[in-house]
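Peer 1: sequence below, structure please.
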Amino acid sequence: MRTPISIITGYLGAGKTTLLKNILNKADKKIAVIMNEFGEIDIDSKIIKGKNINIVELAGGCVCCSLTGEFELATKEIIKKYKPDIIVVETTGLAEPDTLIFDIENELPDLKLDSIIALVDSDAFFKFPLGKTGKIQVEMADIIILNKVDLINNKELNKLEKEIKNLNNRANIVKTKFASVDNHILFGIYSKRDIKKEINHEHTKNIEFFSFKSNKIFDKEKFEEFIRNLSKEIYRAKGFINLDKKFYLFNFVAQKYSLEEFKADKTELVFIGENVNKIKEKILKQLSDL
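Peer 2: Below is the predicted model:
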């Protein structure tokens, strides 16, 4: 019997990990999760730990590309050891899912493709238009989640929905805030694709990242001022930070940020953006000087 597998995709900061947390909290089936992250710090997997869910982390590369062999071994091990009802893959925001879909349909006999779920950041969509990768993520999807709709007005939402339908007019569109969707909408679709494998499969170019780690206690007001003035080259940042002797989960997307009290043992931050290594030393110094 083949195990169903669903793919969660979407650009940086769209809400994939929040959706995954919601799925796990509402789960009435045994779910195994494969996470693939972009960055040196396994921030997202730390958020998920503590649940009675089996997580396999494939950090350091893209699951749809450089880790295809390891991905196959991981899914075989998960099926043999845990016998899940469904496997859910959260891909990095820089992943084009077409190669992974091809492998599932044609080269992985233990799996059957269930659904392809793409998240779109409604608030960031017009500020940072989708590039090639983001468009492919939307085009491939069975379900498109327009997330963060509470941050835009009705006119903007109608325009967004029209543009998304121009890219994919067959997918179900779900409008949400905080990526809250009923699990029954997401699974049981058993999608079928006819995708030709590309030899030269590439990721979005010039996307870079760097990380910052510290045991220091930071001043909350100074850190928030630093974030409000963060260079516009930084599109996405996330991590844990010790502010005034309390740890917070930090999320930053498209000039908006949030801080949520969270258990951690040290400050770990990752910054992602286009050509950001040129400003890496400047930002690291600013953080060290806070």
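Peer 1: what's around Asp28, how many residues?
Peer 2: Using other CB atoms under 10 Å, Asp28 has 8 other residues around it. Backbone N, C-alpha and C define where each C-beta goes, glycine included.
Peer 1: touching, Leu146 and Asn172? I think so.
Peer 2: No. Contact criterion CB atoms under 8 Å: Leu146 and Asn172 do not qualify, at 11.1 Å.
Peer 1: more neighbours: which of these two?
Peer 2: For Leu146 versus Asn172, neighbours defined as other CB under 10 Å are more numerous around Leu146 (22 against 14).
Peer 1: regarding that one, what is its secondary structure?
Peer 2: At Leu146, secondary structure determined by DSSP: H, G, I helix; E, B strand; the rest coil is strand.
Peer 1: list the residues that contact the residue nearest to Leu20 when sequence neighbours are not counted.
Peer 2: Using CB to CB, 6 or more residues apart in numbering and skipping residues adjacent in sequence, the residue nearest Leu20 is Glu90, 5.3 Å away. Neighbour list for Glu90: 8, 16-17, 20, 33-36, 44 [criterion: CB atoms under 8 Å, 6 or more residues apart in numbering].
Peer 1: do the same with Ile279
Peer 2: 231, 233-234.
Peer 1: gap between it and Phe226?
Peer 2: Distance of Ile279 to Phe226, given as CB to CB, to the nearest Å: 13 Å.
Peer 1: what do you get for Tyr257?
Peer 2: 10 Å.
Peer 1: repeat for Ala179
Peer 2: Ala179 sits 27 Å away from Phe226, going by CB to CB.
Peer 1: in which helix or strand does the residue nearest to Leu284 when sequence neighbours are not counted reside?
Peer 2: Excluding the flanking residues, the one nearest Leu284 by CB to CB, 6+ apart is Phe212, at 5.9 Å. For Phe212, the host element (DSSP states H and E) is strand 207-214.
Peer 1: need phi/psi at the closest residue to Ala264 other than its chain neighbours.
Peer 2: Leaving aside its chain neighbours, Ala264 sits nearest to Phe240 (3.8 Å; criterion: CB to CB, 6+ apart). Phe240 adopts backbone torsions of phi -120, psi 140, taken as degrees, to the nearest 10.
Peer 1: OK, contacts around Phe240?
Peer 2: Phe240 makes contact with 43, 46, 247-250, 262, 264, 266-269 under the criterion CB under 8 Å, 6+ apart.
Peer 1: give me the subset of those residues lying in strands.
Peer 2: The strands, defined by DSSP state E, take in 247-250, 267-269 from the contacts of Phe240.
Peer 1: could those be laid out in CSV, adding pLDDT, distance to Leu100 and neighbour count?
Peer 2: What follows is those, written out as CSV (pLDDT from 0 to 100; distance: CB to CB, whole Å; neighbours: other CB atoms under 10 Å):
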residue, pLDDT, distance to Leu100, neighbour count
Phe247, 94, 34, 18
Tyr248, 93, 33, 21
Leu249, 89, 28, 18
Phe250, 91, 29, 22
Thr267, 94, 33, 22
Glu268, 92, 28, 21
Leu269, 93, 28, 22
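Peer 1: of these, closest to Lys76?
Peer 2: Glu268 (31.5 Å; CB to CB).
Peer 1: who's the closest one bridged to?
Peer 2: Beta-bridge pairing of Glu268 under DSSP bridges involves Lys213, Phe240.
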